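Visitor: sharing a model prediction with you, sequence too.
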Amino acid sequence: MENTKRSAVRKEIKKQGDRLLGFCRWVIISGFIGIVVGWVGVAFYHTLKWATTMRIEHPMIILGLPFGGLIIVMLYRALRREDDHGTNSVISAVRSEEKLHIRTTPLIFVSTIITHLFGGSAGREGAALQMGGSIGNGMGKVFGLNEKDTQIAVMCGMSACFAALFGTPIAATFFAMEVVSVGIMYYSALVPCVFSSLIAAEMARIMGVGSEAMKIGMVPEFTAVNTGKITLIAILCAAVSIAFCIIMHSASDYSQKWIKNPYIRIFVGGIFVAGIHLLIGIPDYMGAGMDIIEHTMHGEVRPEAFVYKMVLTAVTLGVGYKGGEIVPSFFVGATFGCLMGQLLGVSPSMCAAVGMIALFCGVTNCPITSLLLAFEIFGMDGIYFVLIGVAVSYMLSGYYSLYHSQKIVYSKYDAAYRGNKI
């Protein structure tokens, strides 16, 4: 009996030792990933900032958008990445359904800069997730990781680049673990993602990359009437998030169906986007649009802004330009929320914040990340209203998503396993 107890104790000590070694191993690996991805993220941020400045100083550069598109298609064909599925590829790689290539990093880097330089309506986090994921995958090979550990390394890279660009390491940590599958979290990646995102975010801060922190202009009193109005806005945001997902996927599907040749498709799409911008006569919908989101924090919004952004982002990304969908979803949510706040007579600034986070939740199906993102961007101001927006939008946005590769593991409506893709 005594020998059995001693044997059990020795086994437990060995297990704890193995866990400690595993912890140290992942701290080292995630640290390297955080440093490498952090440097890439910093370089990407400053290059993107240069491209945005050039576009603002020379607004007619948008006439070059169709030709910039031709360069993007040429680059992807030259490196044999015509079948690249963007962020969907990274999500699939975490489940071993698709292999990532390190050459994705320079491709998406250059292509996103071209898109932003010439005025395409796109974000930057899609590029961040792809660059981070492909670097994480490459680092996994360098360290000789097995398939399962390489998947964790991919999530490390995703977290690191997201954190470096947005200055939100907490949300970045959980986004990589939550976005892959609806209803579950990949907690095995928690420690690696925490260290990689914190290291990358700190590197970015030291190298002059600012966080996206914003201040809500006026937080209304938490009353039954205001709660009802915020709930209504959250319900409408869920509907807008569904519309955004449908428009995004439809633009890609129909453009590929109607125009088979990728060179002609992106050229025609570039002419359409440039033409709309010239017709509107304002630069609000070029690039990511973070400046417009900041205006909504002061209650300033054009009524039609969210519609234009949805359409122009859908066409830009649908025909083959590169970038991200998350910042455009921020834009759509913030402008729609601000507009609804004006119509319902409740703080437009607060409603913009709720709309921004609620719509992000609706299109990504990531409620935990959404709440943490709100905390890192807005602090605790109006957090109860944001919580309502996240919960309502998550439930009522259904099984729509920006990412076809996202998998629904558990139902949003009852304790039932689903196990199918969006």
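Guide: Happy to help now that I have it. Numbers count the residues shown, from 1 in each chain.
Visitor: so residue 408 sits against residue 182, correct?
Guide: Yes - Residue 408 lies in contact with residue 182 (C-beta atoms under 8 Å); the separation is 4.6 Å. Where C-beta positions appear, they are placed from N, C-alpha and C, glycine not excepted.
Visitor: more neighbours: which of these two?
Guide: Taking other C-beta atoms under 10 Å, residue 408 and residue 182 do not tie; residue 182 has more neighbours (23 against 18).
Visitor: assign residue 209 to helix, strand or coil.
Guide: Secondary structure state of residue 209, per DSSP: H, G, I helix; E, B strand; the rest coil, is coil.
Visitor: which intervals of this structure have sub-threshold pLDDT?
Guide: For the chain, applying pLDDT under 70 flags the ranges 1-9, 82, 84-86, 93, 95-98, 419-422.
Visitor: can you map out the strands along it?
Guide: Using DSSP state E, the strands of the chain run over 181-182, 407-410, 417-421.
Visitor: can you spell out which helices and strands pack onto the shortest one?
Guide: Same thing as strand 181-182. strand 407-410 (3 or more C-beta pairs under 8 Å, 6 or more residues apart in numbering; DSSP states H and E).
Visitor: packing partners for the strand it packs on?
Guide: strand 181-182, strand 417-421.
Visitor: check contacts around the closest residue to residue 236 other than its chain neighbours.
Guide: Spatially, and ignoring its direct neighbours in sequence, residue 236 is nearest to residue 340 (6.5 Å; C-beta to C-beta, 6 or more residues apart in numbering). If you count contacts by C-beta atoms under 8 Å, 6 or more residues apart in numbering, residue 340 has them with 232-233, 236, 351, 355.
Visitor: looking at the strands of the chain, which is closest to residue 330?
Guide: strand 181-182 (20.4 Å; C-beta to C-beta).
Visitor: now what about the closest one, what contacts it?
Guide: Outside strand 181-182, the residues that reach it (C-beta under 8 Å, 6+ apart) are 95, 365, 399, 401, 406-410, 412, 422.
Visitor: from those residues, which would you call buried?
Guide: Buried residues within the contacts of strand 181-182, counting neighbours by 16 or more other C-beta atoms under 10 Å: 365, 399, 401, 406-408, 412, 422.
Visitor: which of these sits closest to residue 309?
Guide: Nearest member of the buried ones among the contacts of strand 181-182 to residue 309, counting by C-beta to C-beta, is residue 401, at 18.6 Å.
Visitor: can you lay out the buried ones among the contacts of strand 181-182 as a markdown table showing distance to residue 123?
Guide: Below are the buried ones among the contacts of strand 181-182 laid out as a markdown table (distance: C-beta to C-beta, whole Å):
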| residue | distance to residue 123 |
| --- | --- |
| 365 | 18 |
| 399 | 23 |
| 401 | 16 |
| 406 | 17 |
| 407 | 23 |
| 408 | 24 |
| 412 | 25 |
| 422 | 20 |
